[in-house]
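Chemist: only geometry, no sequence info:
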Ligand SMILES: Cc1ncc(C[n+]2csc(CCOP(=O)(O)OP(=O)(O)O)c2C)c(N)n1
Ligand SMILES: [Mg+2]
C-alpha cells in the first residue's frame, strides 16, 4: 500500500461538495463549527449563501437540516461521526429516518482515524447505531476516488444517507474512472481460499493482507462493502460459497457493524466459519492511527493470522 | 389561496367547536392529552381560521404557511383544526390513536394530511422551524412558519440552540408561541424547573417578544398581526394560558395532562363547552 501518497477521505468530500454545488442549486451545507476538519469550508467559500454555520450545536443542526429538506433543499449536515450519530442520534432516528427526509449526514473522523484525539473523537459504534435505524443508507468509502463518487451518488439518492469519512490519510486504491453503485459491493481481488470482506479504511488493510497471504501461496477474495446498508448480500454469499472461510474487517466495534451484518447474512443463507477484525468490545485510546490498528489487532498481520487460523482448522 | 378571515366572535365560536372535538376524540380513544390541547386551542384556532394560507385540497402546496406543534402530545387540537379546515373528514377525528388510522398519537407528517412535520419528542420543533424558515427565505417565499412550544418543553437545551440560530439568521418569517400554562407533566413549571424570567431570556437571545393572555382572541389576533410586522428578527409570543381551559374540572389540574375522561366526565365537559349560540349541538353527538 502506498501510505506515502495517502489522502484523508474527508478531503474528497470537501472537494466533491464544491463540484456538486455548481450542479445542484438546491444543495445546502450545514456545519457545527468544525468546517476546517470536515472540509466544508471549501463549500462555504464557493457558495457562502448556501452554507449555514450552526455553531457547536449538533442536535439543532440536524433538525434545521430536516426543516430545510421539507422545503426541497438537499442538506448535507457535517460534524464528527461521534456527534452526528450519538449527540444527535434521536434527531436522526425520529425526525430524519422516520420522516424519510432527504438529509445527508456526512461525518468526518470515522473509526480510530482521529488517532491521537482519543476516544471522545473516535466513532467506533456509529455504524451499529445507524444500522439499527430503519431507512438510512450507510456509506463508508474506502479511499479518495470512492469518496468522490459516492458523495455524488448520495447527493442524487433521494432519502437519508449517513456517510463516514476518515480524518487521517488512507491509501488511494481506486482509479479516477472507477464507478460505484450504492448497495453494490466491489470485488477487488479474486481468490478461492479465504474471503476478506472489508469496509472503509479497512479495505486498504485487506489489500495488504491479500499480498501477505499471496506470498504464502494463499489466494484471498477481497471485497469492498462501501454500502453497509442496504447490504450487498449476493456478493457476500457468492464469495463465502467459493472460499468457505470469511474474515470481516472494520474500523469499528466487532458488534453491530460489518462483522455482525455479514454474520447475519451467512447465518441465514450460507453458514460459514467467520472471523471478525475490529475493536473487540473495548475502546481504543490516543495514539497514531496505524499504531492503534496494530495494538488493537486490526492491522494486516492480524488479518493474516485470522485467515491462517481459519485455513488450518 | 386566500387567507381566511374571521371576526373575533367567529374565532371564539370556532375555538369552542375545536374544544368539543378534543374532548370527543380523547374520550373515544380513551387516551391522549386534553390539558395541553385545550390550553393551545385559541392560538391554533386563530392561526388556522384567520392567518394561515393553506390549501386543504393540496396539503403540500409549496407556498403554504407552515405550522409546527412542537409540543406534539397536544395533537388533538391540531387534528381538530385540520379537520375543520377540510383536510380530512371530521368523523375521522374519532379514529385518534387507533391501529391503521391516520391520526397517530403524536403528529406524523407521512400519515396525516396537513401535518407539515412530525413531532412528539419535546424540544425539537423550533429547530425544525428554523430549517423551514431558512428554506423559505432561500426561495424568497413570503410563507411564514408558526411554532407552538410548551413551557415545560423549554427545559430542553435544543430549544435554546434553535433560538440562537433563529436570531442569527434573522428569521422574521418565524413566529414562536409559548403556551405558558405553568404546568408540565410532573407538576408546576415553577417547581419542576423554573423558566422565569422568561421574557428576558428570549430578549437576551435577540428575539422580538410579546406577552399576552393566550385565551383572549382579540389579543392573539392583534399580536400575531404585530409579529408579522417585525423585520430582521424572529418573534415569540408568550401566551399566558390555563391548562385544560374550558372544562372546569380540568383547569389547572396537572392530572389532566394526559388522561382521558370517563363517560360521566365526558358528558359534563361537553355540557360546559356547549355553545350558547348553538344549542342544536349538544353532548354525545358527533361533530
Ligand atoms: C424529549 C421528551 N421527554 C419527555 C417527554 C414526555 N412528556 C410529554 S408531555 C411532557 C410535559 C410537557 O410539558 P409542557 O411542554 O408544558 O406541555 P403542556 O403543558 O402544554 O402539555 C413530557 C415530559 C417527551 N414527550 N419528550
Ligand atoms: Mg405546560
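Modeler: Yep, that arrived. Computed from a predicted model, the values in this text were never measured in an experiment. Ligands and ions are numbered 1, 2, ... in the order given.
Chemist: Up against ligand 2, what does chain B have?
Modeler: By the rule CB under 5 Å from the ion, the part of chain B lying against ligand 2 is B:150, B:151, B:152, B:181, B:183. C-beta: built from backbone N, CA, C; applies to glycine.
Chemist: Please repeat the previous calculation with a cut-off of 6 Å.
Modeler: B:150, B:151, B:152, B:181, B:183, B:184 (CB under 6 Å from the ion).
Chemist: Nearest residue to the residue of chain B found nearest ligand 1 in space, please, no chain neighbours.
Modeler: Relative to ligand 1, the nearest point of chain B is residue B:150 (2.0 Å; CB to the nearest ligand atom). In this structure, residue B:150 finds its nearest non-sequential neighbour in residue B:71, 3.6 Å apart by CB to CB, 6 or more residues apart in numbering or on different chains.
Chemist: Could you double-check that that neighbour sits in contact with residue B:178?
Modeler: No - with contact defined as CB atoms under 8 Å, residue B:71 does not reach residue B:178; the gap is 9.8 Å.
Chemist: the more surrounded of the two?
Modeler: residue B:71 (30 against 27; other CB atoms under 10 Å in any protein chain shown).
Chemist: quick one, phi psi at that one?
Modeler: phi -80, psi 70 (degrees, to the nearest 10).
Chemist: Name the SS class of the residue of chain A found nearest ligand 1, please.
Modeler: Nearest residue of chain A to ligand 1, counting by CB to the nearest ligand atom: residue A:90, 7.9 Å away. Taking DSSP: H, G, I helix; E, B strand; the rest coil as the rule, one finds residue A:90 in the helix state.
Chemist: does the residue lying closest to it once chain neighbours are set aside sit in a helix or strand, and which one?
Modeler: Using CB to CB, 6+ apart and skipping the chain neighbours, the partner closest in space to residue A:90 is residue B:121 (6.3 Å). Using DSSP states H and E, residue B:121 sits within no helix or strand.
Chemist: surely residue B:121 meets residue A:94?
Modeler: Yes - the pair formed by residue B:121 and residue A:94 meets the contact definition of CB under 8 Å, at 5.5 Å.
Chemist: Between the two, tell me which one has more neighbours.
Modeler: Taking other CB under 10 Å, residue B:121 and residue A:94 do not tie; residue A:94 has more neighbours (19 against 16).
Chemist: quick revisit: return every residue with contacts to both of residue B:71 and residue B:178.
Modeler: Counting by CB atoms under 8 Å, 6 or more residues apart in numbering or on different chains, the residues touching both residue B:71 and residue B:178 are B:149, B:150.
Chemist: So which bits of the stretch 101-250 of chain B are right by ligand 1?
Modeler: Within reach of ligand 1 by CB under 6 Å from any ligand atom, the stretch 101-250 of chain B has these residues: B:121-123, B:150-153, B:179, B:181, B:183-185, B:243.
Chemist: and the nearest residue to residue A:202 once chain neighbours are set aside, helix, strand or coil?
Modeler: Nearest residue to residue A:202, sequence neighbours excluded (CB to CB, 6+ apart): residue A:249, at 3.9 Å. In terms of secondary structure, residue A:249 is strand; the call rests on three-state DSSP.
Chemist: where exactly do the helices run in chain A?
Modeler: Ranges of helices in chain A, per DSSP state H, are A:9-23, A:35-38, A:41-46, A:58-70, A:81-82, A:89-92, A:126-131, A:144-156, A:202-215, A:233-243, A:258-269, A:289-295, A:300-311.
Chemist: Kindly apply the preceding question to the stretch 1-150 of chain B instead.
Modeler: B:8-29, B:34-39, B:41-46, B:75-85, B:125-138 (DSSP state H, counting those that start in this stretch).
Chemist: before we move on, the earlier item: pull the number of nearby residues for the residue nearest to residue A:202.
Modeler: The number of residues packed around residue A:249, counting by other CB under 10 Å, is 30.
Chemist: pLDDT wise, what is it at?
Modeler: If you check residue A:249, the pLDDT there is 98.
Chemist: what sits against it?
Modeler: With CB under 8 Å, 6+ apart, residue A:249 has these contacts: A:196-199, A:202-203, A:205-206, A:258, A:277-278, A:298, A:303.
Chemist: Residue 26: neighbour count?
Modeler: Chain wasn't specified; assuming chain A. So residue A:26, with other CB under 10 Å, has 17 neighbours.
Chemist: think we crossed wires, I meant chain B
Modeler: Counted with other CB under 10 Å, the neighbours of residue B:26 add up to 25.
Chemist: picking that back up, most neighbours among the contacts of residue A:249, which one is it?
Modeler: residue A:199 (34 neighbours).
Chemist: And stretch A:267-283, how far out from the chain middle?
Modeler: 17 Å (CA atoms, centre = their mean, to the nearest Å).
Chemist: rewinding a little: tell me which of the helices of chain A sits most buried.
Modeler: helix A:58-70 (a mean of 29; mean count of other CB atoms under 10 Å in any protein chain shown).
Chemist: where along the stretch 151-287 of chain B do the strands fall?
Modeler: With DSSP state E, counting those that start in this stretch as the criterion, the stretch 151-287 of chain B has strands at B:174-180, B:208-213, B:235-240.
Chemist: Quick one, grab the pLDDT at the residue in the stretch 151-300 of chain A positioned nearest to chain B.
Modeler: Proximity of the stretch 151-300 of chain A to chain B (CB to the nearest CB) peaks at residue A:159, 12.7 Å away. pLDDT, residue A:159: 98.
Chemist: Now the phi/psi pair for it, please.
Modeler: phi 130, psi 170.
Chemist: What count of nearby residues applies to it?
Modeler: Neighbour tally, residue A:159, other CB under 10 Å: 15.
Chemist: Pick out the residue of the stretch 1-150 of chain B closest to chain A.
Modeler: Chain A sits closest to residue B:131 of the stretch 1-150 of chain B, with a gap of 2.0 Å, by CB to the nearest CB.
Chemist: residues touching that residue, list them.
Modeler: Counted by CB under 8 Å, 6+ apart, residue B:131 has contacts A:63, A:64, A:65, A:66, A:67, A:68, A:69, A:70, A:71, A:75.
Chemist: And the pLDDT at it?
Modeler: pLDDT, residue B:131: 98.
Chemist: separation between it and residue A:101?
Modeler: Per CB to CB, to the nearest Å, residue B:131 is found 10 Å from residue A:101.
Chemist: Can you pull the residues that touch both of these two?
Modeler: Shared contacts of residue B:131 and residue A:101 (CB under 8 Å, 6+ apart): A:66, A:69, A:70.
Chemist: Quick check, the last one in contact with residue B:117.
Modeler: It stands for residue A:70. Yes - using CB under 8 Å, residue A:70 is in contact with residue B:117, at 6.2 Å.
Chemist: Spit out the residues that contact those two alike.
Modeler: B:66, B:109, B:128, B:132.
Chemist: Tell me which two of the residues you listed sit farthest apart.
Modeler: Spanning the widest gap among these are B:109 and B:132, at 11.7 Å by CB to CB.
Chemist: shared neighbours of these two, which are they?
Modeler: Contacts common to residue B:109 and residue B:132, judged by CB under 8 Å, 6+ apart, are A:70, B:116, B:117.
Chemist: burial of the second one, as a residue count?
Modeler: The one in question is residue B:116. With other CB under 10 Å as criterion, residue B:116 counts 24.
Chemist: what's the answer for the last one, then?
Modeler: A count of nearby residues for residue B:117, using other CB under 10 Å, gives 28.
Chemist: so how far is residue B:36 from the residue nearest to residue B:185 when sequence neighbours are not counted?
Modeler: Excluding the flanking residues, the one nearest residue B:185 by CB to CB, 6+ apart is residue B:257, at 5.6 Å. Applying CB to CB, the value for residue B:257 to residue B:36 is 7 Å.
Chemist: near chain A, which residues of the stretch 51-200 of chain B show up?
Modeler: B:62, B:66, B:109-110, B:116-118, B:120-121, B:124, B:127-136, B:138-139, B:157-158, B:161-162, B:164-165, B:169 (CB under 8 Å from any CB of the partner chain).
Chemist: could you redo the last one with a cut-off of 6 Å?
Modeler: Contact residues, the stretch 51-200 of chain B versus chain A (CB under 6 Å from any CB of the partner chain): B:109, B:118, B:121, B:124, B:127-128, B:130-132, B:134-136, B:158, B:161-162, B:165.
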